[in-house]
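Participant: Fold the following for me, if possible:
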Amino acid sequence: AELENVIALAMHVDYWDYIGWKDSFAQPDFTARQRAYARIGNRKMVYTPQMVINGSDHVIGSNPKDTNRVIDAHHQLPVEVDLQASRDGNNMTLTGRATSDYADTVSIYVLRYRPESTVDILRGENAGRTISYANVVTEMQVLTQWDMTEPLDMTTELSGDLPAVVVVQGKRNGSVKAVARVE
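Facilitator: The predicted model follows:
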């Protein structure tokens with residue numbers, strides 16, 4: 001989360017809630033998203049801590065060597081979409097264009113997140129600990145579908161103080177084509 005060239009987002013899952021402490025950041029939609037990534041990757045199970053990098057590669061999040069190797073490999077790939085996002089008050093403007101031929105429609109998501117959240121754990125295996133989480137996603141919504149044949153040029157409302165990340169992603173949790181952060 002501290003790297004300048006990485007946008008790391010935490011989507012807390014709810015399948016551990018049964019062990020004595022309910023994660024206040026967990027959302028069933030995030031669990032469903034992780035399970036969809038497992039299906040796409042022909043994996044029979046989900047786990048934590050898992051990182052899904054650019055919607056395509058899975059690594060154990062507590063293994064920095066593998067995580068950095070996969071991130072570095074993704075930085076070597078060609079850019080598929082030139083995406084720009086800016087904010088003026090409660091309005092966010094998005095512009096983009098495909099930099100290569102892409103024959104399918106993509107989804108454009110906006111994710112709102114808390115840069116830092118500290119929680120006192122009262123029960124469960126981490127009882128008594130205080131844990132600080134980085135970039136906890138609080139909201140995720142689909143803004144639009146884009147076929148990428150014409151340039152993207154849209155403005156949408158973005159109220160509140162939380163920063164946002166815009167994600168251009170292939171259908172059904174496909175690969176991520178572009179991301180942009182908006183403060």
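Participant: looking at this, residue 62 is in a strand?
Facilitator: No - applying DSSP: H, G, I helix; E, B strand; the rest coil, one finds residue 62 to be coil, outside a strand.
Participant: Isn't it up against residue 50?
Facilitator: No - applying CB atoms under 8 Å, one finds residue 62 not in contact with residue 50, separated by 9.7 Å. Yep, even glycine has a C-beta here, placed from its N, CA and C like the rest.
Participant: So which of the two has more stuff around it?
Facilitator: Comparing residue 62 with residue 50 by other CB atoms under 10 Å, the one with more neighbours is residue 50, at 17 against 11.
Participant: which residues does the more buried one bridge with?
Facilitator: Bridge pairing for residue 50 (DSSP bridges) gives the partners residue 60.
Participant: What segments of the protein are strands?
Facilitator: All strands of the chain, identified by DSSP state E, fall at 50-53, 57-60, 81-88, 91-98, 106-120, 130-146, 152-157, 164-170, 176-182.
Participant: how close does residue 69 sit to residue 32?
Facilitator: 28 Å (CB to CB, to the nearest Å).
Participant: brain fart, residue 67
Facilitator: In terms of CB to CB, residue 67 sits 24 Å off from residue 32.
Participant: ditto for residue 41
Facilitator: Applying CB to CB to residue 41 and residue 32 gives a distance of 15 Å.
Participant: what do you get for residue 75?
Facilitator: From residue 75 to residue 32 the distance is 29 Å (CB to CB).
Participant: How about residue 167?
Facilitator: Taking CB to CB, one finds residue 167 at 16 Å from residue 32.
Participant: When those two are compared, which one has more neighbours?
Facilitator: Comparing residue 167 with residue 32 by other CB under 10 Å, the one with more neighbours is residue 167, at 23 against 13.
Participant: beta partners for the more buried one?
Facilitator: With DSSP bridges as the rule, residue 167 is bridged to residue 109, residue 179.
Participant: who touches it in this structure?
Facilitator: Residue 167 makes contact with 108-111, 176, 178-179 under the criterion CB atoms under 8 Å, 6 or more residues apart in numbering.
Participant: And stretch 80-87, what's buried?
Facilitator: Neighbour-count burial for stretch 80-87 flags 80-81, 83, 85 (criterion: 16 or more other CB atoms under 10 Å).
Participant: can I get the residues you listed in TSV with distance to residue 120?
Facilitator: Shown next, in TSV, are the buried residues of stretch 80-87 (distance: CB to CB, whole Å):
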residue	distance to residue 120
80	42
81	41
83	38
85	35
